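In: No letters, just coordinates:
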Ligand SMILES: CC(=O)SCCNC(=O)CCNC(=O)[C@H](O)C(C)(C)COP(=O)(O)OP(=O)(O)OC[C@H]1O[C@@H](n2cnc3c(N)ncnc32)[C@H](O)[C@@H]1OP(=O)(O)O
Ligand SMILES: CC(C)C(=O)C(=O)O
């Protein structure tokens, strides 16, 4: 850490609240992300995961918006241990819908900025304050805990904003929420605003920051540094437009950078992020902090070398902390240390020449813009090994019977690890019959699937040379290629298939 240690920085520069509440609004603001509509069951599934994770409050929905919302809010309230919140405009019928859902915590809002007053609500400042007070009083009269939001607070005149907050506090509001509705805050302005609010009010301060300029997380952390008691967040940062501050970013930053532990089981973060992404249909960018596919993936040789010695060289936290896992990727930027570790992982032992050949093929493929999967790497390595090692299966004999009115029959003799075996099989043609015979002969040795079979005549005429290319796979998901050229298409096919099978067998042997 640059400069003083975090405990000193906290003491000298921060005004941290004793307790920081995590208010999750994935089911309300998150669901407002264009194109997302959750069923009651989906909402319940997400709410139960959030409850298990340990958030303090779940904003389950906007009850006035539909019957389904009332039903899901009510069901969630009955199923979870944490507080269930319902959103309402400062309108009695919206508050009644919160009550219909049996909730006891309401989040009510009214736009306070000149834009919202003049163009949306067409209300004077006085009318805004009166409407807000009426709603808070109505909610209190019905026994609700009330969180009040001055929508578009950050584009509201300072004096008026404070007048509104003062009025709702007097009317009984229990939490004052500060929405940065269109994400225009910067950390320095956040600092000023939250510090001023903390100096004026004893009512807990909450923040709801949007991410239009990519500053939602930074602003939320700044607010917490200045004493904010609660952060509104969503899983994966989903929400209106560019979303809200991300639950996983706030929780992990507080833990790792500030040494502040909330009662959140961080090891569930990756799973919950994945299920929210699947249920909402909003894909996570691969570079998404904490939960993206690349958050703990490394390709660059220098980084992987560091990681292999001590993962903290290139990772700020361990993937296990958030239930994620580390991946070493092979590609254009791979170094020898990375390749060695990956081959060790697959139990593949290459001599120096084979290793160099595989390494240069990886670089050449990378230069062509290709990505290299684990199974590609295994194939490259097996190709090297198979050119140097003895062949497990050798073709010893082939007899074919083929005609127009009889089914094709092939008799194949193979030497499998030194033992001769022979069988006959039928098929829709001679190639099919021969491959069926091979499959039957090796069934105790290898469970193999022919994934791809391509034949090309490489010279013209009926005696043209046929080149056959195949891809086979085994039950472990390993793949290998086989290739053969022969003037007899059946022979070329058999030899290509045996070539790929032999590579899979060699890989099995190195893996044992
Ligand atoms: C910043 C935020 O995220 S706020 C939450 C936004 N979320 C949503 O809007 C999702 C759910 N919304 C809905 O289902 C619907 O919009 C409803 C049920 C709330 C309202 O539907 P409708 O009555 O058809 O109104 P519509 O959505 O077209 O317009 C909003 C109305 O609310 C009014 N309004 C907005 N906020 C307030 C408020 N705090 N107090 C009083 N009226 C308000 C607007 O002025 C407008 O009124 P008008 O129709 O009389 O001009
Ligand atoms: C309802 C309020 C808090 C809101 O979602 C916003 O202003 O973004």
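Out: Arrived safely. Quantities reported herein were computed from a predicted structural model and do not represent experimental measurements. Residues are numbered from 1 along each chain as shown. Ligands and ions are numbered 1, 2, ... in the order given.
In: now the farthest one out in this structure, which residue is it?
Out: The centre of the chain is farthest from one residue, residue 405, which by Cα atoms, centre = their mean lies 57.3 Å away.
In: What parts of the protein come near ligand 2?
Out: 29, 109, 149, 151, 177, 179, 181, 208, 210 (Cβ under 6 Å from any ligand atom). C-beta: built from backbone N, CA, C; applies to glycine.
In: Most widely separated two among the residues you listed?
Out: With Cβ to Cβ as the measure, no two of these lie farther apart than 109 and 210, at 13.7 Å.
In: what residues do these two have in common as contacts?
Out: residue 179 (Cβ atoms under 8 Å, 6 or more residues apart in numbering).
In: Tell me who's in contact with the closest residue to residue 52 other than its chain neighbours.
Out: Nearest residue to residue 52, sequence neighbours excluded (Cβ to Cβ, 6 or more residues apart in numbering): residue 268, at 6.7 Å. With contacts defined as Cβ under 8 Å, 6+ apart, residue 268 is in contact with 49, 52, 53, 323.
In: and the gap between residue 268 and ligand 1?
Out: According to Cβ to the nearest ligand atom, to the nearest Å, residue 268 stands 27 Å off from ligand 1.
In: can you check residue 309 too?
Out: 48 Å.
In: again, but for residue 188
Out: In terms of Cβ to the nearest ligand atom, residue 188 sits 24 Å off from ligand 1.
In: Output the lowest mean pLDDT helix or strand found in this protein.
Out: helix 374-388 (a mean of 80; mean pLDDT, DSSP states H and E).
In: what is the mean pLDDT for the longest helix anywhere in the chain?
Out: When the chain is parsed with DSSP state H, its longest helix is helix 489-511. Mean per-residue pLDDT for helix 489-511: 85.
In: same question, stretch 42-54
Out: For stretch 42-54, mean pLDDT rounds to 98.
In: Check stretch 347-355 too.
Out: On average, stretch 347-355 scores 92.
In: Just the endpoints, please. Distance across that stretch?
Out: Its first and final residues considered, stretch 347-355 spans 13 Å by Cα to Cα, to the nearest Å.
In: buried set for it?
Out: 348, 350, 354, 355 (16 or more other Cβ atoms under 10 Å).
In: ditto for stretch 46-61
Out: 46-47, 49-51, 53-61.
In: Setting aside sequence neighbours, what's the nearest residue to the residue of the stretch 401-512 of the chain found nearest ligand 1?
Out: As assessed by Cβ to the nearest ligand atom, ligand 1 sits closest to residue 477 within the stretch 401-512 of the chain, at 45.5 Å. Leaving aside its chain neighbours, residue 477 sits nearest to residue 375 (6.8 Å; criterion: Cβ to Cβ, 6+ apart).
In: what's that neighbour in contact with, if anything?
Out: Applying Cβ under 8 Å, 6+ apart to residue 375 gives the contacts 477, 478, 479.
In: what about the closest residue to ligand 2 within the stretch 401-512 of the chain, helix or strand, and which?
Out: Nearest residue of the stretch 401-512 of the chain to ligand 2 (Cβ to the nearest ligand atom) works out as residue 477 at 45.7 Å. For residue 477, there is no enclosing helix or strand under DSSP states H and E.
In: Distance of it relative to residue 373?
Out: 11 Å (Cβ to Cβ, to the nearest Å).
In: Pick out whichever of these two has more residues nearby.
Out: Between residue 477 and residue 373, residue 373 has the larger neighbour count (other Cβ atoms under 10 Å), namely 13 against 9.
In: just to revisit the earlier point, please report the distance of the residue nearest to residue 477 from residue 478.
Out: Counting by Cβ to Cβ, the gap from residue 375 to residue 478 is 7 Å.
In: Could you do residue 334 as well?
Out: Counting by Cβ to Cβ, the gap between residue 334 and residue 478 amounts to 20 Å.
In: neighbour count winner among those two?
Out: When residue 334 is set against residue 478 and neighbours are counted by other Cβ under 10 Å, the residue ahead is residue 334, at 23 against 19.
In: Which residues are in contact with the more buried one?
Out: By Cβ under 8 Å, 6+ apart, the neighbours of residue 334 are 299, 301, 304, 359, 362, 363, 366.
In: Just the closest of the residues you listed to ligand 1, please.
Out: Nearest member of the contacts of residue 334 to ligand 1, counting by Cβ to the nearest ligand atom, is residue 299, at 39.6 Å.
In: you'd agree the closest one is up against residue 339?
Out: No. Residue 299 is not in contact with residue 339 according to Cβ atoms under 8 Å; the separation is 11.4 Å.
In: Common neighbours of the two, please.
Out: Residues touching both residue 299 and residue 339 (Cβ under 8 Å, 6+ apart) are residue 330.
In: Please identify the buried residues of stretch 353-370?
Out: 354, 355, 357, 358, 359, 361, 362, 365, 366.
In: can you redo the residues you listed as a markdown table with distance to residue 506?
Out: A markdown table is the format used below for the buried residues of stretch 353-370 (distance: Cβ to Cβ, whole Å):
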| residue | distance to residue 506 |
| --- | --- |
| 354 | 12 |
| 355 | 16 |
| 357 | 16 |
| 358 | 14 |
| 359 | 20 |
| 361 | 18 |
| 362 | 20 |
| 365 | 22 |
| 366 | 25 |
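In: Go through the buried residues of stretch 46-61 and say which is closest to ligand 2.
Out: Among the buried residues of stretch 46-61, residue 59 lies closest to ligand 2 (Cβ to the nearest ligand atom), at 9.0 Å.
In: Among the contacts of residue 268, which lie within helices?
Out: Short answer: those in helices (DSSP H) are 49, 52, 53.
In: Which parts of the stretch 101-250 of the chain are helices?
Out: 114-115, 125-141, 158-171, 187-200, 216-225, 247-256 (DSSP state H, counting those that start in this stretch).
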